[in-house]
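1. structure for this input, please:
(one chain, ligands or ions: 2)
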Amino acid sequence: MTDIEDYPVTLAEIDGLATRADTVINRLRERVFAPGTQKVLNLRFNVRTASEMVGRTEKAIRDAEGDGRLPEPEKDPDTGRRTGYTLEDVNRMREVFGTLPWRAPEDPATVLAVQNFKGGVGKSTLVVHLAQYLALRGYRVCVIDCDSQGSTTSIFGLNPDVDVDEDEDTLYPFFRHGGPASLHYALRATYWPGIAMIPANLGLYDAEYEFAARMLNEQSFVLDRLRQGIATISDQFDVILLDPPPALGMISLSVLRAANALLIPAPPNNIDFGSTAHFLKMMGATLNELAEHGGARGYHFVKILATKMNDQKSAHQAIKRVMEAVFPQDILQSVLKDSAEIDNATANLMSVYEITGPATRTETHKRCRVYLDAVGREVETLIRKTWPSHHADLRKEGIL
Ligand SMILES: Nc1ncnc2c1ncn2[C@@H]1O[C@H](COP(=O)(O)OP(=O)(O)O)[C@@H](O)[C@H]1O
Ligand SMILES: [Mg+2]
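-> Ligands and ions are numbered 1, 2, ... in the order given. A predicted model of the protein is given here:
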């Protein structure tokens, strides 16, 4: 037997590593979350882009500005030049012209979970970019960060350790014994018009243990709690996006029960695809088991999305082809390619959609926007198909 003293790395040294890792995180965050600053959205659109977004001609916009239905466009006080429209301005135009794409109140709100029990497959990245794609299109979006690591929370400009109180701001109080009756307390606006969020931080991890302990006697309470919570806020939103933790725990199970649509990001490499296959098997088994306990759950759609795809790698192409052959109906046409633009943006806790200025004129950026928009558009169509009030338009667009 080896005595504890014989191991070269002691517990104290591991604690030291953890402290130093915290220092790295804090330095990275200090760059992004400078004290006293708040993240703002600097996106501005010229009248041509605004007209495309709104679905009306430039002339229609000018006329509405001329006759007072819309405010005069903002001008730079120094140069007198138009500063361009914000997303809020564009949404006001959509309201005036009746082109907001909201679901009808009778249509079901879409509760879309981006689920895969593996970490690092691009779940949070996808949640953030889908949320922003949908907000740019004019939908009312809510993002619920269910992962105690809080990556999505950080990209939305909140420092999980500083700006988020686990006992007041996250799902945690709602999951606790005798918690609040609705999720309103945790909803907050973000700096993105049209996106509200429920943030997460490390405190949420305790819910895993507490839920696990209660599973024996209060199984349906535990499993249905998130679904019930979402029902208390869903009337305000078109789409609610759930970003689950990367493990098959109690929170992930509640997410599977709360969602009415699933998107499964799967990088086309052997190891990640192997774990996606495993995930599908576990999910099947878990859903069957839940169904036996009186909680059958159906989904409007379940789709696999190839993420972090690198066309230069023959193995990626080969696996992608196998995926397409095996799941012809279940895999999205569009692919989220492996993109330095995405990696660099998220390293700075930003999304590709909020980058402004000269950086948006590079080829890499433009190409990346094309992939992201294609994924967003495909998911948007899947969502609209679940809303009867959109069917007439979908038929006109030749989609239904
Ligand atoms: N399509 C992509 N191209 C390049 N990097 C990506 C892409 N999607 C995700 N990443 C990077 O991979 C890492 C993990 O992504 P993340 O969305 O946090 O995964 P998850 O939420 O599944 O754990 C992040 O550094 C992110 O920037
Ligand atoms: Mg994540």
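2. now check stretch 298-312, is it near ligand 1?
-> Yes: under the criterion of CB under 6 Å from any ligand atom, ligand 1 is reached by stretch 298-312 at 307-308. C-betas here are computed from N, CA, C, even on glycine.
3. ok, and what's touching that stretch?
-> Under the contact criterion CB atoms under 8 Å, 6 or more residues apart in numbering, stretch 298-312 has outside partners 108, 110, 121-122, 125-126, 259-268, 272, 276, 316-317, 320, 323, 327, 330-332, 334-338, 375, 379, 382, 385-386.
4. which stretches in the stretch 251-400 of the chain count as strands?
-> For the stretch 251-400 of the chain, the strands defined by DSSP state E, counting those that start in this stretch cover 261-266, 302-309, 336-337.
5. pretty sure D235 sits against P105.
-> Yes: D235 lies in contact with P105 (CB atoms under 8 Å); the separation is 7.3 Å.
6. ok, whichever residue of the chain sits closest to ligand 2 - contacts?
-> With CB to the ion as the measure, S124 is the residue of the chain nearest to ligand 2, at 3.3 Å. Neighbour list for S124: 147, 151-152, 155, 243 [criterion: CB under 8 Å, 6+ apart].
7. filter these by proximity to ligand 2?
-> Filtering those for proximity to ligand 2 by CB under 5 Å from the ion leaves S151.
8. who are the packing partners of the longest helix seen in the chain?
-> The single longest helix within the chain, with elements called by DSSP state H, is helix 205-231. In terms of contacts (3 or more CB pairs under 8 Å, 6 or more residues apart in numbering; DSSP states H and E), helix 205-231 is packed against helix 172-175, helix 250-258.
9. in the longest one, what counts as buried?
-> Read it as helix 250-258. Buried residues in helix 250-258, defined by neighbour count with 16 or more other CB atoms under 10 Å: 250-258.
10. quick one: it to helix 205-231, angle?
-> Interaxial angle, helix 250-258 versus helix 205-231 (axes from the mean of the first three to the mean of the last three CA atoms, to 10 degrees): 10 degrees.
11. pull the CA atoms of helix 250-258 into PDB?
-> In PDB, the C-alpha atoms belonging to helix 250-258 read as follows (Å, rounded to 0.1, in the frame of the first residue of the first chain):
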ATOM      1  CA  MET A 250     -32.100  15.700 -12.400                       C
ATOM      2  CA  ILE A 251     -32.000  19.100 -14.100                       C
ATOM      3  CA  SER A 252     -31.400  17.600 -17.500                       C
ATOM      4  CA  LEU A 253     -34.400  15.300 -16.900                       C
ATOM      5  CA  SER A 254     -36.600  18.200 -15.900                       C
ATOM      6  CA  VAL A 255     -35.500  20.000 -19.100                       C
ATOM      7  CA  LEU A 256     -36.500  16.900 -21.200                       C
ATOM      8  CA  ARG A 257     -39.900  17.000 -19.600                       C
ATOM      9  CA  ALA A 258     -40.300  20.800 -19.900                       C
END
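12. OK, contacts around the nearest residue to S252 once chain neighbours are set aside?
-> Nearest residue to S252, sequence neighbours excluded (CB to CB, 6 or more residues apart in numbering): P244, at 4.8 Å. P244 is in contact with 113-115, 123, 146-147, 251-252, 255, counting by CB under 8 Å, 6+ apart.
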